[in-house]
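*Asks:* Generate coordinates for the sequence data below:
(one chain, ligands or ions: 1)
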Amino acid sequence: MESQHDKSSEELSAYLRDSRARLISSLKQEGILRSVLVEEALLNVPREKFIWRDTPESFAYADEPLSLGETGQTISAPHMVVIMLEELELKPDLKVLEIGCGSGYNAALMAYIVSKGIRTKGTNKEALVISVERDERLVEFARHNIESVPELSGVVDVVLGDGSLGYPQASKLEMYDRITVTAGAPRIPFYLKYQLKTGGVLLVPVGGYAFQTLVKLQKSKSKGGKPEFEERKLMECMFVPLVGMDAHKS
Ligand code: SAH
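*Replies:* Reported below is the predicted structural model:
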């Protein structure tokens, strides 16, 4: 016989499935969600596993930022996450750096996309996504959340530190095909431009503590071999501040 507990958890799962489907369809209608790879990631990474313990699970697919409790940080609203994922032009096998792991939700979505080749070909997994977080509590939280998605095992490395200097800190080696900063920076962090590979994309909200402009940089090389950046301002946005050595001071 079905217990009341089973019934309510089944009802909750059905509610979550429906609300996720509604969110995906409205993001598509608004022209925000455009690519199949991003849609597959949204369908396979359960946002309800990434919310703070005092947030009701039923809020998981509201198109709103959700608070990460006493850490004072937030998971970005799904439309903002999707805008950034589409602008990043992610593809299987790319190496990605995220600054500002928070709940780990965006890192998990990116990991789902870039590890597609690994899932289908079954080749050895490596950490394709590195996500840096300065708050130790969130490093723990994000690791735990990402572990709840079995397909992502070994694909994401969540590291504690100040990502405003890149990862490894202050390295000038070109390492990443994509870099995304999910906190508002006062300027484009210096080392991130070095760590981006030629042909790569860097996304970063640049501006003040509360309001920023989302900036997209594409790196190329001049005939003489010097790095060149094409810079585009995409939209106004609101992120929590990036705090660190090459960022806001607190
Ligand atoms: N991408 C996250 C949301 C990011 S909120 C998600 O999907 O949930 C921004 C995060 O950036 C916060 O967790 C904050 O602690 C972190 N942060 C701020 N400055 C940082 C820095 N210099 N290095 C690493 N993380 C930073």
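*Asks:* Pull the number of nearby residues for the closest residue to residue 34 other than its chain neighbours.
*Replies:* Spatially, and ignoring its direct neighbours in sequence, residue 34 is nearest to residue 86 (5.7 Å; CB to CB, 6 or more residues apart in numbering). (Each C-beta comes from the backbone N, C-alpha and C, glycine too.) Residue 86: 17 surrounding residues under other CB atoms under 10 Å.
*Asks:* Quick check: phi and psi on the residue sitting nearest the centre point of the chain?
*Replies:* Nearest to the geometric centre of the chain sits residue 106, at 2.7 Å (CA atoms, centre = their mean). Per-residue torsions, residue 106: phi -60, psi -40 (degrees, to the nearest 10).
*Asks:* Contacts only, for it.
*Replies:* With contact set as CB atoms under 8 Å, 6 or more residues apart in numbering, residue 106 has these partners: 75, 76, 81, 84, 85, 98, 180, 182.
*Asks:* ok, and which of these reach the ligand?
*Replies:* 75, 76, 182 (CB under 6 Å from any ligand atom).
*Asks:* need those residues in a markdown table with secondary structure, pLDDT and distance to residue 239, can you?
*Replies:* Shown next, in a markdown table, are these (DSSP: H, G, I helix; E, B strand; the rest coil; pLDDT from 0 to 100; distance: CB to CB, whole Å):
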| residue | secondary structure | pLDDT | distance to residue 239 |
| --- | --- | --- | --- |
| 75 | strand | 96 | 12 |
| 76 | coil | 95 | 7 |
| 182 | coil | 98 | 7 |
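*Asks:* which of those residues has the most neighbours?
*Replies:* In terms of neighbours by other CB under 10 Å, those top out with residue 182 at 27 neighbours.
*Asks:* can you pull the contacts of the residue nearest to residue 188 when sequence neighbours are not counted?
*Replies:* Distance criterion CB to CB, 6+ apart; nearest residue to residue 188, sequence neighbours excluded, is residue 204 at 5.7 Å. Taking CB under 8 Å, 6+ apart as the criterion, residue 204 is in contact with 179, 180, 181, 185, 188, 189, 192, 214, 215, 217.
*Asks:* partner strands of the strand or helix carrying residue 219, parallel or antiparallel?
*Replies:* Per DSSP states H and E: residue 219 is located in strand 212-221. Paired strands of strand 212-221, with direction, are strand 196-207 (antiparallel), strand 227-237 (antiparallel) (DSSP bridges).
*Asks:* which of the ones you listed sits most buried?
*Replies:* strand 196-207 (a mean of 20; mean count of other CB atoms under 10 Å).
*Asks:* Quick check: phi and psi at residue 127.
*Replies:* Main-chain dihedrals, residue 127, degrees, to the nearest 10: phi -70, psi 100.
*Asks:* residues contacting the spatially closest residue to it that is not a sequence neighbour?
*Replies:* Distances taken as CB to CB, 6+ apart place residue 157 nearest to residue 127, at 4.0 Å, with adjacent residues excluded. Residues counted as contacts of residue 157 (CB under 8 Å, 6+ apart) are 127, 129, 130, 131.
*Asks:* Filter the residues you listed down to just the ones in strands.
*Replies:* Using DSSP state E, 129, 130, 131 are the members of these that sit in strands.
*Asks:* for these, which one is nearest the ligand?
*Replies:* residue 131 (7.6 Å; CB to the nearest ligand atom).
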